[in-house]
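Colleague: how would this look folded up:
(one chain, ligands or ions: 1)
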Amino acid sequence: MKPVSHASVSIVGAGIGGLACALALAKRGFTVRVFEQAPALGDVGAGIQISPNGLAVLRALDVAHDLTRCSAQARAVELCDFKRGKMVARLDLQAHAGDLTYLFAHRQDVIKVLFEGCKAAGVDFTFGEILKNTTETTLDFASGLSVTSDIIIGADGLHSIVRKALNGDVAPFFTGQVAYRAIVPNVIAQGNVARIHMGPNAHIVSYPLHQGQHLNLVMVREQSQWVKETWRNPADPQEVQSKFSNFGGDIAAALAQLTHVNEWGLFRHPVAQVWGTSGKVLVGDAAHPTLPFMAQGANLALEDAWVLAACLAQNSDFDRAIALYRSKRIERVSRIVQAATKNAWKYHLSSWPLRSLAHLGMRGLSRVAPHKMVSQFDWIYRFDVTRD
Ligand SMILES: Cc1cc2nc3c(=O)[nH]c(=O)nc-3n(C[C@H](O)[C@H](O)[C@H](O)COP(=O)(O)OP(=O)(O)OC[C@H]3O[C@@H](n4cnc5c(N)ncnc54)[C@H](O)[C@@H]3O)c2cc1C
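Modeller: Numbering: from 1, shown residues only. So this is what the prediction gives:
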């Protein structure tokens, strides 16, 4: 094999992980091609939270400025009771983490700034190519196109074909939770705060998008009926409204605005055992799909991209580079995936006494030690891969 820095790289997937990888590698002098199944740049998706650890990577890639301009900066996270929307606890980011920037962004905007960066750095894109199979360092697409390169990066998300080639088929399991996602007009004039409305067996997260004109809603509910794990599955707005009709206060007015909703079955996937070998490697959701309850999927993909590019650029041997990449990432991503898995039940306590007790604890902590409410997440947000 050639020295890694002269190798040709093919990336499968133009999501946040694939684009960030392409840009980080192109900036380090690699020749990069990206293959994406969608016929054009992604226009699917809704709000996505870019936390300081992810923003550090976008800054290092020189694209943070454009994203910051079209996103809202988060001031606080408010935990509210579902019944009348009364606030239980507040994580005041401005007061206790004022040196950090948390963004409420639209996924499309994150994709757009990375894509523009890639184009300026000379990355080559091919859209409308669906990967069907990969053997050794060859990619076989549904169209009949076959591409061989020195390095293949699987940034092909949750249902990754490259992960399957490296790890075999490992079936995920349905968590019994379904997330409904929508963007509605911000008729309740919610400011730059994320609100988590906690109810029995359900919660709703709301935050502003597009300079506060819209609200991004993520409505999560426990249900036994299985739902597909995909971002393109429309649901009936009226049915969704009736599922969350016990939520009161401002959020009820926002729910009344639903016209387009997508539903997404939440599945648990194990973190991949094998991240790479013999010219193939995984990033982002392909390596470690996570439930959305820490809002870290995109941020972890950005971190992966930076670390992978650095490891490939600094090591002349591919397998050594990949071993280093995995060793730098595995502990952190596993801890965040676990934290996201544990977080769901905290917002969903169905028994009234238990919920009251939990809310009392949160209210107490936010009054007595407001700084602690925020600093408990320092290990996630104050971590900066670009300084390593
Ligand atoms: C369409 C879509 C909408 C999303 N919307 C949101 C959202 O609103 N909010 C949020 O928090 N998260 C959203 N996510 C998830 C979030 O972007 C990811 O969890 C996170 O950014 C990690 O990104 P990733 O690049 O690893 O994977 P992904 O973002 O899933 O990107 C994977 C890419 O690979 C492509 N791909 C997959 N299989 C193949 C194949 N066989 N051949 C060629 N290309 C392939 C996909 O089309 C996609 O572009 C969305 C993901 C997708 C795919």
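Colleague: Need phi/psi at the residue in the stretch 101-250 of the chain that the ligand sits nearest to.
Modeller: Going by Cβ to the nearest ligand atom, the ligand is nearest to G157 of the stretch 101-250 of the chain, at 2.8 Å. (C-beta placed from N, C-alpha, C; glycine too.) Dihedral angles phi and psi of G157 (degrees, to the nearest 10) take the values phi 70, psi -160.
Colleague: In contact with the nearest residue in space to D150 that is not next to it in sequence, which residues?
Modeller: Once flanking residues are discounted, D150 sits nearest to A7: 3.5 Å by Cβ to Cβ, 6 or more residues apart in numbering. A7 makes contact with M1, F30, S149, D150, I151, L312, F318, according to Cβ atoms under 8 Å, 6 or more residues apart in numbering.
Colleague: S146 now?
Modeller: Residues in contact with S146 (Cβ under 8 Å, 6+ apart) are T138, L139, D140.
Colleague: Would you mind putting the residues you listed into a markdown table with pLDDT and neighbour count alongside?
Modeller: Shown next, in a markdown table, are the contacts of S146 (pLDDT from 0 to 100; neighbours: other Cβ atoms under 10 Å):
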| residue | pLDDT | neighbour count |
| --- | --- | --- |
| T138 | 95 | 14 |
| L139 | 97 | 24 |
| D140 | 97 | 15 |
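Colleague: okay, and the helix or strand of this structure with the least pLDDT?
Modeller: With mean pLDDT, DSSP states H and E as the measure, the helix or strand of the chain carrying the lowest mean pLDDT is helix 352-368 (a mean of 67).
Colleague: Can you name every helix or strand that the helix or strand that it is followed by contacts?
Modeller: On the C-terminal side of helix 352-368, the closest following helix or strand by DSSP states H and E is helix 370-375. Secondary structure elements in contact with helix 370-375, counted by 3 or more Cβ pairs under 8 Å, 6 or more residues apart in numbering; DSSP states H and E, are strand 87-92, helix 93-96, helix 352-368.
Colleague: if you set the cut-off to 10 Å instead, what comes out?
Modeller: Using 3 or more Cβ pairs under 10 Å, 6 or more residues apart in numbering; DSSP states H and E as the contact criterion, the secondary-structure elements in contact with helix 370-375 are strand 76-81, strand 87-92, helix 93-96, helix 352-368.
Colleague: what are the ranges of the strands in the stretch 251-388 of the chain?
Modeller: Assignment of strands within the stretch 251-388 of the chain using DSSP state E, counting those that start in this stretch yields the ranges 261-268, 276-277, 280-282.
Colleague: Could you confirm whether the longest helix along the chain reaches the ligand?
Modeller: Ranked by residue count and defined by DSSP state H, the top helix of the chain is helix 318-347. No: residues of helix 318-347 are not located near the ligand by Cβ under 6 Å from any ligand atom, the shortest gap being 11.2 Å.
Colleague: which residues does A179 contact?
Modeller: A179 makes contact with 205, 218-221, 227, 262-266, 291-293, according to Cβ atoms under 10 Å, 6 or more residues apart in numbering.
Colleague: hang on, it is in a strand, isn't it?
Modeller: Yes: using DSSP: H, G, I helix; E, B strand; the rest coil, the secondary structure at A179 is a strand.
Colleague: Quick check: it vs E129, distance?
Modeller: As judged by Cβ to Cβ, to the nearest Å, A179 and E129 stand 29 Å apart.
Colleague: Now for G122: which residues touch it?
Modeller: Residues counted as contacts of G122 (Cβ under 10 Å, 6+ apart) are A22, A26, K27, T31, V32.
Colleague: Show me the two of the residues you listed that sit farthest apart.
Modeller: In those, the most distant members under the criterion Cβ to Cβ are K27 and T31, with 12.4 Å between them.
Colleague: Quick check: neighbours shared by these two?
Modeller: Listed contacts common to K27 and T31 are G122, V123; contacts here mean Cβ under 10 Å, 6+ apart.
Colleague: So which of the two has more stuff around it?
Modeller: Looking at K27 and T31 with other Cβ atoms under 10 Å, you find the greater number of neighbours at K27, namely 20 against 16.
Colleague: quick one: the strands in the stretch 51-200 of the chain?
Modeller: Remark: strands assigned in the stretch 51-200 of the chain by DSSP E, counting those that start in this stretch are 72-73, 76-81, 87-92, 103-106, 124-127, 131-135, 138-141, 146-148, 151-154, 173-185, 193-199.
Colleague: Out of the ones you listed, which is closest to K372?
Modeller: strand 87-92 (9.9 Å).
Colleague: and the closest one, how far from the chain's centre?
Modeller: Chain-centre distance of strand 87-92: 24 Å, with Cα atoms, centre = their mean, to the nearest Å.
Colleague: Only the buried residues of it, if you could.
Modeller: With burial defined by 16 or more other Cβ atoms under 10 Å, the residues of strand 87-92 counted as buried are V88, A89, R90, L91, D92.
Colleague: who's the second one bridged to?
Modeller: On DSSP bridges, the residues paired with A89 through beta bridges are L79.
Colleague: quick one: the residue in the stretch 151-300 of the chain that the ligand sits nearest to from A182, how far?
Modeller: Distance from the ligand to each residue of the stretch 151-300 of the chain (Cβ to the nearest ligand atom) is smallest for G284, at 2.2 Å. G284 is 24 Å from A182, where distance means Cβ to Cβ.
Colleague: same question, I16
Modeller: Note on I16: its distance to A182, by Cβ to Cβ, is 21 Å.
Colleague: What is the end-to-end distance of stretch 234-246?
Modeller: 22 Å (Cα to Cα, to the nearest Å).
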